[in-house]
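J.: Quick one: sequence and predicted model below, then my questions.
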Amino acid sequence: MTAERPETYDIAVIGAGGAGLTAALYGARARRRTVVFERLMSGGQIATTELVENYPGFPQGINGTDFAMNLVQQVDRFGAELRYEDVQSIDPRPGAPFRIETSEGSYEAHAVVATAGADYNKLGVPGEDEFIGRGVSYCATCDAAFFQNQEAVVVGGGDAAFDEALFTSRHVSKVWLVHRRDTFRASALLQERVFANPKIEIIRNTVVERIVGTDGVEGAELRNVQTGEVRTLPVSAVFIFIGQTPNSHLLKGLVELDEGGHARVDLRMRTAVPGLFVAGDLRIEAARQLVSACGDGATAALAAEAYLAEAGIGEG
């Protein structure tokens, strides 16, 4: 008996965030048979955002979940398939389509766009998950404007934390920059700017133990790691910048990754593997914004279409 051949697609997209759904939209509109694999929920990180105000075209903003569902409906309208399956491996095969193994079975695709994104590193303290979107945020650029003239905590000691502390200070009345060590990893220039900002106060050798509130964040409980002293700051927001973990395990051994696990791509989102593209937070030098992720997805899909056309696959 001959084994049943796996379903074969022109384009397989891994990840249904902004980058992945946009790639699927462009692929499907190009009349390519397109599938999107997602292990959790459609929309990615944006689906957990209460209000998106920095995406062009929505002058009053839009709820993150609504934005994600609108994009899913748009992708569905043009015929892309959405499969809630966990991709476990990608196997490039010279002269043959990529082989994709998921939690549910095997598939083939002539081009693959990986947009699995990155997960924000969390503090893992009480109140953190409870208040995501209600004062807890991992993107001050997205959310600081909601806390005009209020006080906020920024957690971290690297470039991202210092950058976002400076940005947050434009909106809030005071920023408490909390870091668990005495020294910082941020660049000297950023440190100079933060130390010179009168709205930013540094709290060293301290960790956040708990985030408290009722309907939203009302305070951050801090503990000095040297003295054990505990105090609670009355703040309305806690912005957390202690790194990201790219979901790049599928790419290890296939493409070059930087020290942080982000894939190296060119300006068209192409990797060194023909037919394999990487977009969004999974790639190097990503802006980590919804609008740029969607732009990446469009760029990757256009590059995938060019690759397929050059290979003589389908009519394009």
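T.: Great, that's in hand.

J.: show me what contacts Gly261?
T.: Contact analysis of Gly261 by CB atoms under 8 Å, 6 or more residues apart in numbering lists Thr245, Pro246, Ser248. From N, CA and C alone the C-beta is placed, and that goes for glycine too.

J.: which stretches of this structure aren't confidently modelled?
T.: Along the chain, the model assigns pLDDT under 70 to residues 1-3, 315-316.

J.: on that earlier part again, nearest to Arg83 among the contacts of Gly261?
T.: Nearest to Arg83 out of the contacts of Gly261 is Ser248 (CB to CB; 20.8 Å).

J.: Spell out which helix or strand contains the closest residue to that closest one other than its chain neighbours, please.
T.: Taking CB to CB, 6 or more residues apart in numbering, and ignoring the residues beside it in sequence, Ser248 has Gly261 as its nearest neighbour in space, at 4.6 Å. Per DSSP states H and E, Gly261 falls between elements, in no helix or strand.

J.: Now do Gly261 against Glu192, distance only.
T.: Applying CB to CB, to the nearest Å, one obtains 30 Å for the distance of Gly261 from Glu192.

J.: Please, where are all the helices along the stretch 201-316 of the chain?
T.: Ranges of helices in the stretch 201-316 of the chain, per DSSP state H, counting those that start in this stretch, are 290-310.

J.: which residues of it fall in strands?
T.: Counting by DSSP state E, counting those that start in this stretch, the stretch 201-316 of the chain has strands at residues 206-213, 217-224, 230-233, 237-240, 244-246, 276-278.

J.: Show residues contacting the last one.
T.: In other words, strand 276-278. Among residues not part of strand 276-278, those counted as contacts by CB under 8 Å, 6+ apart are 90, 92, 98, 111-115, 251, 254-255, 263, 265, 268-271, 300, 303-304.

J.: Quick one: end-to-end distance for stretch 88-105.
T.: Chord length of stretch 88-105, first to last residue, is 10 Å (CA to CA, to the nearest Å).

J.: any idea how far that stretch is from the chain center?
T.: Taking CA atoms, centre = their mean, to the nearest Å, the mean C-alpha location of stretch 88-105 is offset from the chain mean by 24 Å.

J.: now do stretch 304-315
T.: If you compare the mean C-alpha spot of stretch 304-315 with that of the full chain, they lie 29 Å apart, counting by CA atoms, centre = their mean.

J.: Just the CA coordinates for it, please, in CSV.
T.: Provided in CSV are the C-alpha atoms of stretch 304-315 (Å, rounded to 0.1, in the frame of the first residue of the first chain):
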residue,chain,number,x,y,z
ALA,A,304,8.4,34.2,-1.4
GLU,A,305,6.3,34.9,-4.4
ALA,A,306,9.3,35.9,-6.4
TYR,A,307,11.1,32.8,-5.3
LEU,A,308,8.2,30.5,-6.4
ALA,A,309,7.9,32.3,-9.7
GLU,A,310,11.6,32.0,-10.5
ALA,A,311,11.4,28.3,-9.6
GLY,A,312,8.5,27.9,-12.0
ILE,A,313,6.2,26.7,-9.3
GLY,A,314,2.5,27.5,-10.2
GLU,A,315,1.5,30.4,-12.3
